[in-house]
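Visitor: below is the sequence, then the predicted model.
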Number of protein chains: 2
Amino acid sequence: MEQALHVITLGVADLERSRDFYVRGLGWTPTLDLAGVVFLQVNHGLLMAIFPLADLGADAGHPASPGTPFSLGQNVSSEQAVTAVIESARAAGATVLKEPQRADWGGFHGYFADPDGHRWDIVFNPSVSIGADGTVRFSAPSGA
Amino acid sequence: MEQALHVITLGVADLERSRDFYVRGLGWTPTLDLAGVVFLQVNHGLLMAIFPLADLGADAGHPASPGTPFSLGQNVSSEQAVTAVIESARAAGATVLKEPQRADWGGFHGYFADPDGHRWDIVFNPSVSIGADGTVRFSAPSGA
């Protein structure tokens, strides 16, 4: 199996509410906006889909249920940018779970939850860089 | 907030079991393999992290609990490739949730669950293409 991820699908309780949050609230542009599913491009060749939770369960042939066993991360370029993103999400109706603050691993971050509780971790991590070819590199952890 | 996703973090019950599955079972290469978290690059500038579920909850300041409200998708180039990936995942110890089969939207796919139940949807979708600049395009749905 190739080491590759192309779509992250979020199961949502109310597709219209989620469309409101991502498209109208955050101002994101759908790649494909259908009655039953919305696809938004969120990186090079990467889609995020929002799809009713019951349909996601039916698609897999096994029910899907709410929960929080994952997070979605967005890297930004400064501590100020973390705060700005958290404020923009709050303005769009998100619940802020963790106000922007220093992290014990040396960076700065905050968390918000979308209308279904899906968690976004907004991060300034000075040890991460992405090369022109898309390769992600970690420099030595601070203190190492 | 920028329309961007850089990290998908999976909360896992047993980090060693998950490392065994992804690194030894599927043969994936970590970008950063630490005692408490493993990062694997899964697309252009995109990381997948495996991180103990309790630590994920602590990081957000709110407990995280198991559930299945999302799926991870990998697009492959043919029906045969879907079957090959599902078989490779089965061989690595995954539970196959949906055997490879035709989908009502015109493609072909199958699902497996990793050791924590995180679901991978392996998809041949002839209507999706990715440009050299990474832009994802959908052609008209079949029948439209």
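Guide: Cool, the structure landed.
Visitor: now do A:Ser142, the pLDDT please.
Guide: Turning to A:Ser142, the model gives it a pLDDT of 48.
Visitor: can you get me a residue count around A:Glu79?
Guide: A total of 17 residues lie near A:Glu79 under the criterion other C-beta atoms under 10 Å in any protein chain shown. No exception for glycine: its C-beta is placed from N, CA and C like everyone else's.
Visitor: how near is the closest residue to it other than its chain neighbours to chain B?
Guide: Across the structure, with C-beta to C-beta, 6 or more residues apart in numbering or on different chains as the measure, the residue nearest A:Glu79 apart from its sequence neighbours is A:Phe108 (4.4 Å). Here the distance between A:Phe108 and chain B works out to 13 Å (C-beta to the nearest C-beta, to the nearest Å).
Visitor: how many neighbouring residues does A:Phe108 have?
Guide: Should you count by other C-beta under 10 Å, A:Phe108 turns out to have 20 residues around it.
Visitor: for A:Gly36, same thing?
Guide: As a burial measure, the neighbour count of A:Gly36 was computed by other C-beta under 10 Å and equals 9.
Visitor: specify the local secondary structure of it.
Guide: Classification of A:Gly36 using DSSP: H, G, I helix; E, B strand; the rest coil returns coil.
Visitor: for the residue nearest to A:Glu79, give me its contacts.
Guide: Residues near A:Phe108 by C-beta atoms under 8 Å, 6 or more residues apart in numbering or on different chains: A:Glu79, A:Val82, A:Pro100, A:Gln101, A:Arg102, A:Val123, A:Phe124.
Visitor: dump those to CSV, plus secondary structure and pLDDT.
Guide: Converted to CSV, the contacts of A:Phe108 look like this (DSSP: H, G, I helix; E, B strand; the rest coil; pLDDT from 0 to 100):
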residue, secondary structure, pLDDT
A:Glu79, helix, 98
A:Val82, helix, 97
A:Pro100, strand, 98
A:Gln101, strand, 97
A:Arg102, strand, 97
A:Val123, strand, 97
A:Phe124, strand, 97
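Visitor: A:Val76 reaches A:Asn125, doesn't it?
Guide: No - the pair A:Val76 / A:Asn125 is not scored as a contact, 9.2 Å apart, by C-beta atoms under 8 Å.
Visitor: sorry, back to before: can I have the buried ones of the contacts of A:Phe108 as a ChimeraX selection?
Guide: A single ChimeraX command is used to select the members of the contacts of A:Phe108 judged buried by 16 or more other C-beta atoms under 10 Å in any protein chain shown:
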select /A:79,82,100,123,124
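Visitor: separation between A:Glu99 and A:Thr83?
Guide: Summarising the geometry, the distance separating A:Glu99 from A:Thr83, computed by C-beta to C-beta, to the nearest Å, is 9 Å.
Visitor: excluding chain neighbours, what is closest to the residue of chain A found nearest chain B?
Guide: Of all residues in chain A, A:Gly67 sits closest to chain B, with a separation of 1.3 Å (C-beta to the nearest C-beta). With C-beta to C-beta, 6+ apart as the measure, B:Gly67 is the residue that lies nearest to A:Gly67, at 1.3 Å, once sequence neighbours are left out.
Visitor: what sits against the one you found?
Guide: A:Ser65, A:Pro66, A:Gly67, A:Thr68, A:Pro69.
Visitor: how about A:Gly67, secondary structure?
Guide: Going by three-state DSSP, the state assigned to A:Gly67 is coil.
Visitor: phi and psi next, for it.
Guide: The main-chain torsion angles of A:Gly67 are listed as degrees, to the nearest 10 and equal phi 170, psi 180.
Visitor: got the confidence number for it?
Guide: On the pLDDT scale, A:Gly67 gets 93.
Visitor: ok, A:Gly27 next?
Guide: At A:Gly27, the model reports a pLDDT of 94.
Visitor: which residues touch it?
Guide: Under the criterion of C-beta under 8 Å, 6+ apart, the neighbours of A:Gly27 are B:Met1.
Visitor: repeat for the one 3 residues further on
Guide: When contacts are counted by C-beta under 8 Å, 6+ apart, A:Pro30 touches A:Val23, A:Val38, A:Phe39, A:Leu40.
Visitor: go again using 6 Å as the cut-off
Guide: Taking C-beta atoms under 6 Å, 6 or more residues apart in numbering or on different chains as the criterion, A:Pro30 is in contact with A:Val38, A:Leu40.
Visitor: which one is the residue nearest the centre of chain A nearest to, not counting chain neighbours?
Guide: The residue at the geometric middle of chain A, judged as the C-alpha nearest the mean C-alpha position with C-alpha atoms, centre = their mean, is A:Leu72 (3.5 Å). The spatial neighbour of A:Leu72 that comes closest, neighbours along the chain excluded (C-beta to C-beta, 6+ apart), is A:Trp120 at 5.0 Å.
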